[in-house]
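*Asks:* Give the three-dimensional model of this entry:
(one chain, ligands or ions: 1)
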Amino acid sequence: MTNQKKNIDLKRQNKDLINLNPIQTGGKLTDNAKKALIEFGDGYAVCDFCNGVLDEIQKPDIKTFVHQTLPEFLNCDIVQITNGAREGVFIVMHSLAKPNDIVLIDQNAHYSCFIAAQRCKLNIVEVKNNKCPIDAIDVENYIFLIEKYKPKLILLTYPDGTYGNLPDAKKLGKIAQKYRVPYLLNCAYAIGRMPVKMKEIGADFVIGSGHKSMAATGPIGVLGINEKYSSIVLEKSKKYPNKIIECLGCTARGTSIITLMASFDEVKKRVENWEMEVKKAQWFAKELEKLGFVLIGQKPHKHDLMFFKTDILYEISKKHKKKGYFLYYELKKRGIVGIKPGHTKSFKLSSYGISKEKLNIILDAFRDIIKQNL
Ligand SMILES: *Cc1c(COP(=O)(O)O)cnc(C)c1O
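*Replies:* A predicted model of the protein is given here:
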């Protein structure tokens with residue numbers, strides 16, 4: 001035996017297969033972004049012409065992108081680039097609230113929002129759905145809790161990452177304005193897929209995720225801010241007067257911002273096709289329901305992220321020699337990935353950006369798998 005080490009195998013296994021994983025369907029790079037990725041791949045390559053502030057760089061023109069293009073796109077006063085959606089949530093919580101203050105968070109919020117609040121040592125009050133736990137959250141449930149707890153911030157997820165439910169964010173905007181409580185709308189699964197206009201909604205903060213929904217490598221996020229709160233959230237250091245404290249002075253200093261910019265024109269266009277994406281998702285869900293799957297959550301469904309209960313696949317798994325993993329192997333054989341290995345009782349998937357032709361391949365695959373194994 002020799003001691004010679006093998007090179008680490010960095011070939012990506014599932015790269016060219018059809019991928020249904022909701023966290024990946026909106027983050028596929030455009031061709032333009034792939035080129036930019038190579039061009040700016042060297043460490044700190046975006047900093048060639050930096051005078052100390054990332055979003056003041058004009059070569060490439062990050063300045064216009066951050067201070068003009070994105071605020072127009074999000075219909076907000078100010079945009080701050082972050083290292084991801086969760087970092088945006090943390091920045092807002094950390095700057096607006098002190099330890100032991102209360103924040104309201106909807107029960108279907110992403111785990112990272114609960115962790116962000118914990119890192120800030122805040123007390124979390126969860127906003128629950130009293131009627132149907134899997135339907136979109138009834139935002140009227142915030143009213144009583146706002147009156148009772150006087151929170152420093154309220155957070156709503158739009159849509160949530162489990163069921164893809166879209167709650168009435170605009171109605172919560174009215175409630176937040178009435179009670180004068182800062183309102184953060186987490187749009188990690190919305191910005192870059194569907195139109196989100198902060199001022200129309202009446203939110204004070206909107207958050208997007210570049211790698212989840214804006215065709216960027218990431219990690220990167222966009223944070224839209226109502227200028228009323230900008231001096232608090234974006235406070236600068238006394239010692240280094242151009243560095244934002246909550247951002248530790250700088251954020252996405254690399255290919256993440258470059259690919260976000262390179263994809264933006266296409267992202268802006270695809271957002272205009274949102275109605276078509278919703279129709280496609282609804283059609284796909286209907287076809288899957290014909291196989292015995294049950295769509296869970298808001299109906300009619302208004303987002304490409306969908307959660308299905310799939311008893312028929314669970315029944316098969318009980319008898320199959322690969323047990324719960326049979327579905328993963330059967331799909332992979334047919335060139336399809338993205339449903340979590342081991343899941344058969346229920347799972348989520350996304351049809352975003354997948355052509356009808358490919359969705360038909362997926363439907364055929366499910367039909368075939370059921371027929372062969374039942
Ligand atoms: C995916 C997701 C996040 C995390 O996004 P990052 O940009 O990776 O931090 C946060 N919130 C919601 C609602 C999400 O779906």
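*Asks:* contacts, neighbours, all on C-alpha from now
*Replies:* Will do.
*Asks:* mind listing what residue 181 touches?
*Replies:* 151, 152, 153, 154 (Cα atoms under 8 Å, 6 or more residues apart in numbering).
*Asks:* In three-state terms, label the first one for me.
*Replies:* The reference is to residue 151. coil (DSSP: H, G, I helix; E, B strand; the rest coil).
*Asks:* right, and it touches residue 98 too?
*Replies:* No. The criterion here is Cα atoms under 8 Å, and residue 151 misses it with residue 98 at 11.2 Å.
*Asks:* quick one: which of the contacts of residue 181 is nearest to residue 175?
*Replies:* Nearest to residue 175 among the contacts of residue 181 is residue 154, at 10.5 Å by Cα to Cα.
*Asks:* Beta-bridge partners for that closest one, please?
*Replies:* With DSSP bridges as the criterion, residue 154 is bridged to residue 104, residue 183.
*Asks:* That one: neighbour count?
*Replies:* The tally of other residues near residue 154 (other Cα atoms under 10 Å) stands at 25.
*Asks:* What's the per-residue pLDDT of it here?
*Replies:* For residue 154, the pLDDT comes out at 98.
*Asks:* can you check the one 4 residues further on too?
*Replies:* At residue 158, the pLDDT value in this model is 98.
*Asks:* Could I get the contacting residues of the closest residue to it other than its chain neighbours?
*Replies:* Leaving aside its chain neighbours, residue 158 sits nearest to residue 187 (5.1 Å; criterion: Cα to Cα, 6 or more residues apart in numbering). If a contact means Cα under 8 Å, 6+ apart, then residue 187 has 157, 158, 159, 206, 207, 208, 209 as its contacts.
*Asks:* For residue 187, grab phi and psi.
*Replies:* Backbone torsions for residue 187, taken as degrees, to the nearest 10, come to phi -110, psi 40.
*Asks:* any idea how far residue 260 is from it?
*Replies:* Counting by Cα to Cα, to the nearest Å, the gap from residue 187 to residue 260 is 16 Å.
*Asks:* Equivalent analysis for residue 335, please.
*Replies:* For residue 335, the distance to residue 260 (Cα to Cα) stands at 28 Å.
*Asks:* Show me which of the two is the more surrounded one.
*Replies:* In this view residue 335 and residue 260 are compared by other Cα under 10 Å, and residue 260 has more residues nearby, 27 against 16.
*Asks:* isn't that one right next to residue 33, touching?
*Replies:* Yes. Under the criterion of Cα under 8 Å, residue 260 makes contact with residue 33 at 7.4 Å.
*Asks:* what residues are shared contacts of the two?
*Replies:* Common neighbours of residue 260 and residue 33 (Cα under 8 Å, 6+ apart) are 215, 216.
*Asks:* now the strands for the stretch 201-350 of the chain?
*Replies:* For the stretch 201-350 of the chain, the strands defined by DSSP state E, counting those that start in this stretch cover 205-209, 221-225, 294-296, 305-309, 336-337, 346-350.
*Asks:* could you dump the contacts of residue 187 to JSON lines with distance to residue 256 and neighbour count?
*Replies:* Converted to JSON lines, the contacts of residue 187 look like this (distance: Cα to Cα, whole Å; neighbours: other Cα atoms under 10 Å):
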{"residue": "157", "distance to residue 256": "24", "neighbour count": "29"}
{"residue": "158", "distance to residue 256": "23", "neighbour count": "25"}
{"residue": "159", "distance to residue 256": "24", "neighbour count": "24"}
{"residue": "206", "distance to residue 256": "19", "neighbour count": "33"}
{"residue": "207", "distance to residue 256": "16", "neighbour count": "33"}
{"residue": "208", "distance to residue 256": "14", "neighbour count": "29"}
{"residue": "209", "distance to residue 256": "11", "neighbour count": "31"}
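*Asks:* now that we have the contacts of residue 181, which one has the most neighbours?
*Replies:* Ranked by neighbours (other Cα under 10 Å), those are led by residue 154, which has 25 neighbours.
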